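# A predicted structure for the sequence below; I have some questions about it.
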Amino acid sequence: MTDSGLPIYLDYNATTPLHPTVVDAMLPYLREHFGNPSSGHVYGQRAKAAVERAREQVAALLGCQPDEILFTSGGTEANNLAIRGVLELSSGRRHIVTSAVEHPATVRPCELLERGGVEVTRLPVGSDGRVEAATAQAFVRGDTALATVMLAQNETGSLMPVAALAGVAHERGTLIHTDAAQAVGKIRTRVDELGVDLLSIAGHKLYAPKGVGALFVRRGVRLAPVLVGAGHERGLRPGTENVASIAGLGAACELAAADLEAEANRQRALRDVLWDSLSAAIPGLHLNGDGRASGVEDRQPHPDRLPNTLNLSFPGVRGSALLAAAPEVAASTGSACHGGAETPSAVLTAMGVDAATALGAVRLSLGRFTTREQIDKAAQALVSAWRSTRGIG
């Protein structure tokens, strides 16, 4: 437990707390600067200035121009706008390529389009949870309108070779979109280095509020709006701007840009301490998404996994039972419960993980406020919980 009596929070991939700097950036627009950014008077213009300042801050983190950033209500809306917006204007191209391990915010829009007659190809992944560019080469076609592959897998932390996939897509005149919700603020995410045409951000994954996000749209890329109304955000996202949350997102992006590498290295070191402690005490502990032998972890910075994420299968137990026996730790599993029966994570299943191993999975994700003391206490709690629950259920 923490000093406040709450569990140690190791679920930063689910959501992050507001950073104090972000709160400070938001407060003026929750109190005195309440104007509508579309109004011409001083109240409106102050609000508009905050929105445009935030647009510059987001663009600076991504290495793009401010006019290439559209604000949305979050990553889900950004993904819908990117995927459905491209296909709405692609009458001659009715094919999408995606991966088998996408977030529902990508899966569902693709399924919606599929029901409308769009063909969707779902690329398989290896045991490391990654799509191979060579695999994509065989499936991206002349009639492929869009390739949409996430940058960082939310359950395993595996990083996709998006830059290589972008090269494959562009060879065939295909646009590429990446859901970067889990990556932005954790690793270097520059749109020109990735080669992407569209990129989605969710504010609450990088210490900004829930209910705000952004979509990078490269100059020259045409989208149809998903929502219709007034002309906000170049007519692509109508609705009066959520000024305070947008200001918070801008502040969060500026904060990330200031210490990205140092904070990634700090979290990576803590992640490795956690892995060392758990793997030393639990024989057969399996690192999902590693793509190598169980029990092996590279002590150097790993280029193919988020620095803050461990997805571990605990032998002989179910992840849900383990976490129930460790109330000192707040984390998550990838399994779902239907009618009293658990089903394994679809992501781990797509990676070839057997059902029993997948049901033993727990995702541990660290963040800015994770400390060494918390890691040590969490490791002790999880080891104790594993020992007490082995063979049960």
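In hand now; what should we look at?

# give the contact list for residue 26.
Residues touching residue 26, when contacts are defined by C-beta atoms under 8 Å, 6 or more residues apart in numbering, comprise 209, 244-245, 247-248, 251. The way it works is simple: take the backbone N, C-alpha and C, and place the C-beta from them, glycine included.

# name the element it belongs to?
If you go by DSSP states H and E, residue 26 is part of helix 20-30.

# now the element after that helix, going C-ward?
Going down the chain from helix 20-30, the next helix or strand is helix 42-62, by DSSP H and E.

# pLDDT on that following helix, on average?
Per-residue confidence for helix 42-62 averages out to 97 on the pLDDT scale.

# elements contacting the longest helix that the chain contains?
If you go by DSSP state H, the chain has its longest helix at helix 243-281. Secondary-structure packing of helix 243-281 (3 or more C-beta pairs under 8 Å, 6 or more residues apart in numbering; DSSP states H and E): helix 20-30, helix 42-62, strand 309-313, helix 372-389.

# now that helix, how far from the centre of its chain.
Helix 243-281 has its C-alpha centroid displaced from the chain centroid by 13 Å (C-alpha atoms, centre = their mean, to the nearest Å).

# returning to what we had before: nearest to residue 257, of the helices and strands packed on helix 243-281?
Go through these one by one with C-beta to C-beta and the one that ends up closest to residue 257 is helix 42-62, at 4.8 Å.

# who touches that closest one?
In contact with helix 42-62 (C-beta under 8 Å, 6+ apart) are residues 29, 33-39, 65-69, 71, 184-185, 189-191, 199, 201, 214, 216, 241, 243, 246-247, 249-251, 253-254, 256-257.

# could you look up the SS state of residue 364?
strand (DSSP: H, G, I helix; E, B strand; the rest coil).

# for residue 115, see how far away it is.
As for residue 364, its distance to residue 115 is 37 Å (criterion: C-beta to C-beta, to the nearest Å).

# for residue 99, same thing?
Distance of residue 99 to residue 115, computed by C-beta to C-beta: 20 Å.

# around the residue nearest to residue 321 when sequence neighbours are not counted, how many other residues sit close by?
The spatially closest residue to residue 321, leaving aside those adjacent along the chain, is residue 389, at 5.1 Å (C-beta to C-beta, 6 or more residues apart in numbering). When counting by other C-beta atoms under 10 Å, one arrives at 19 neighbours for residue 389.

# same question for residue 130.
For residue 130, the number of neighbouring residues by other C-beta under 10 Å comes to 23.

# helix or strand for it, which one?
Residue 130 belongs to no helix or strand when elements are defined using DSSP H and E.

# mind listing what it touches?
Residues in contact with residue 130, defined by C-beta under 8 Å, 6+ apart, are 158-161, 291, 304.
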